[in-house]
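K.L.:
Here's a sequence, model it:
(2 chains)
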Amino acid sequence: MNRIEFGIIHDIFTGLDRQIGLHGGAPIGLVVCGGTALFALGLVHRTTKDVDVLGTAVETGKMLAVQKIEKPSGWLIGAAKTVGRDFGLPDNWLNIGPAPQVESGLPKNYGRYLTIYFISRLDQIHFKLYAAIDRDDYHTQDLLALNPTEEEVETASKWTLTQDVSEGYRSVLMAFLREHGYESIASRI
Amino acid sequence: MNLSPAEFKKRLLNGLLDLHWKHWTAAGVASHIEPELRWVIDLEALIASTIAIGEHDRRLLSVSLEWMIKNGEWVNLSRFKRIARLFTKPSLRTQEPLLSTKEVNDAIAALRNAEVHRDGIFSSLRRKGTVTKPGIHQPSLLQLLARALLGVDARADVLIYLLLNRSGNSNSIAKDVFYDQKNIYRVLENFTKAAVVTKVSGNKAGNYFLRDDDIWLSILGMKKKPEYMNWVKTFLVLDRLAQAISTSSISENEYELSSFFRDLLNDVQPIARQLAITIPDPGPFPGSKYFVPFASSILKLLKTMEGHNG
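P.N.:
Numbering: from 1, shown residues only, chains lettered A, B, ... in the order given. This is a model prediction of the structure:
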């Protein structure tokens, strides 16, 4: 199955906007993380197997909250399926996952229906650290490409400990921090 | 090849209108276009399609109405209604049908030579006396000749199908000629009793064969068989293309057109195969890149149907 070339990611989102309209959908803001958001920040230029969606962006006063998509609408599923066919994308290329507490970055409008919120660099550091502990592969490279400060890594480390409170996780996190030159953080948290 | 959506629209509509003029000319309409000689014309499909694309050529719509009023006796009304139902289904892309119910009812009124209103499609009618009775011995009017011989019912269309396609079962023939399957089964059984066809039991794919093609060609006064094309399916695909390319929200967007082309691919491929034209696989042409390869193939397909292979 094909991987998604980031060179056409904006074409794919523009296509998704058109298809949402054709499938009788309503305007929607999707909060996107993972490799796609890293590409939008100009930090990586690799391919990805899917576009990770944290949830929908919902306005709450002056803030934007990310709301978990419990069950995607039929029109979103239909639109994504047609776009997948049109661009030769892998099945389930629009990967709708759980929505943790994040703030979204600046939105990009793709037409009448679709707005994409790529998550911010700081949020990326949080997610990438968590993913890198779990699987020390390209996530580690992505994390280092974000060039995080010591303070940012410390904040992210503390956040990941709230996501997995097990002792096993804590010890793997400590090992990871020491291996990558953050011994002082490991001793503080 | 450099082909813009605007250029494709112009060439598609010109080709499609020329094709309809060729068929109507063969049926007895005076025009400067050469009559259709290669393919057997399907009257009911031609009428439905002409009304569907009539907004692009009011003169074509006018002469077809004049023909329908004058020669309606040749048209099978129940088959026309069955075919017209396919044209009244709204398209997912445009949300519009190719034909409205009123247009279908107006066409039925014209075919019955009933009182003609001056609204709807009839507002295009200008009686110019350029329509004659069809010369039913032309090979392309085999449907009319068979109807003259067997009556304006399923028997004529089944005979043509078997003569030009060799064999079929009641289900496959009913789907192809747009009649009720029970009706086709009865016709085939009666043809079997009359020894017109041979029934081969146990062969599900094609259990009725015409017994002697040459005798039928001789009875019909033909030296050579004209070619068969499923005009209902062909016109439906081409008319939907014409409708989409004439809808500004779609025609201005190459991605949306490309996506629509992918929707139509399974309907276009059997037609293209019959004309020995290859429709490119969309795989190597993601997103909007499929527009030019597919649109070019459609124009080639139209030219081949019109009899120009250049």
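K.L.:
Can you name the residues of the stretch 51-200 of chain B that neighbour chain A?
P.N.:
Along the stretch 51-200 of chain B, the residues adjacent to chain A under the rule Cβ under 8 Å from any Cβ of the partner chain are B:92-93. C-beta here means a position set from N, CA and C on the backbone, and glycine is covered the same way.
K.L.:
quick one, helices of the stretch 51-200 of chain B?
P.N.:
B:58-71, B:77-87, B:101-111, B:142-150, B:154-165, B:170-177, B:181-193 (DSSP state H, counting those that start in this stretch).
K.L.:
Among those helices, which comes closest to B:V29?
P.N.:
helix B:58-71 (4.8 Å; Cβ to Cβ).
K.L.:
for that closest one, packing partners?
P.N.:
Contact analysis of helix B:58-71 by 3 or more Cβ pairs under 8 Å, 6 or more residues apart in numbering or on different chains; DSSP states H and E lists helix B:5-27, helix B:43-53, helix B:101-111 as its packing neighbours.
K.L.:
For the last one, which helices and strands make contact with it?
P.N.:
By that I understand helix B:101-111. Using 3+ Cβ pairs under 8 Å, 6+ apart, helix B:101-111 sits against helix B:43-53, helix B:58-71, helix B:77-87.
K.L.:
which one of the ones you listed lies closest to B:M229?
P.N.:
Of those, nearest to B:M229 by Cβ to Cβ is helix B:43-53, at 9.7 Å.
K.L.:
now what about that closest one, what contacts it?
P.N.:
B:13, B:16-17, B:20, B:23-24, B:27, B:60-61, B:64, B:68, B:74-76, B:79-80, B:83-84, B:86-87, B:98-99, B:103-104, B:107, B:111, B:121, B:143-144, B:178, B:231-232, B:234-236, B:238-239, B:242-243 (Cβ atoms under 8 Å, 6 or more residues apart in numbering or on different chains).
K.L.:
Equivalent analysis for stretch B:114-121, please.
P.N.:
Under the contact criterion Cβ under 8 Å, 6+ apart, stretch B:114-121 has outside partners B:51, B:54, B:61, B:65, B:69, B:102-103, B:106-107, B:109-110, B:122, B:125.
K.L.:
ok, of those, which come out buried?
P.N.:
B:51, B:54, B:61, B:65, B:69, B:103, B:106-107, B:109-110, B:122, B:125 (16 or more other Cβ atoms under 10 Å in any protein chain shown).
K.L.:
of all those, which comes closest to B:E227?
P.N.:
The closest of the buried ones among the contacts of stretch B:114-121, once distances to B:E227 are taken by Cβ to Cβ, is B:I51, at 25.1 Å.
K.L.:
In terms of pLDDT, where does the nearest residue to the closest one once chain neighbours are set aside sit?
P.N.:
Nearest residue to B:I51 in three dimensions, chain neighbours excluded: B:E103, at 5.3 Å (Cβ to Cβ, 6 or more residues apart in numbering or on different chains). Note for B:E103: predicted pLDDT of 92.
K.L.:
ok, now the one 4 residues further on?
P.N.:
For B:A107, the model assigns a pLDDT of 91.
K.L.:
next one: A:S104
P.N.:
So A:S104 comes in at 49 (pLDDT).
K.L.:
and B:L241, how many neighbours?
P.N.:
For B:L241, the count of nearby residues is 24 (other Cβ atoms under 10 Å in any protein chain shown).
K.L.:
And it, how far from chain A?
P.N.:
16 Å (Cβ to the nearest Cβ, to the nearest Å).
K.L.:
Would you list the phi and psi of the residue nearest the centre of chain A?
P.N.:
Computing the C-alpha centroid of chain A and ranking residues by Cα atoms, centre = their mean puts A:C33 first, at 1.2 Å. The phi and psi values for A:C33, taken as degrees, to the nearest 10, are phi -120, psi -160.
K.L.:
I figured it was touching A:L54, is that so?
P.N.:
Yes - counting by Cβ atoms under 8 Å, A:L54 is a contact partner of A:C33 at 5.4 Å.
K.L.:
In contact with A:V44, which residues are there?
P.N.:
A:6, A:35, A:38, A:142, A:145.
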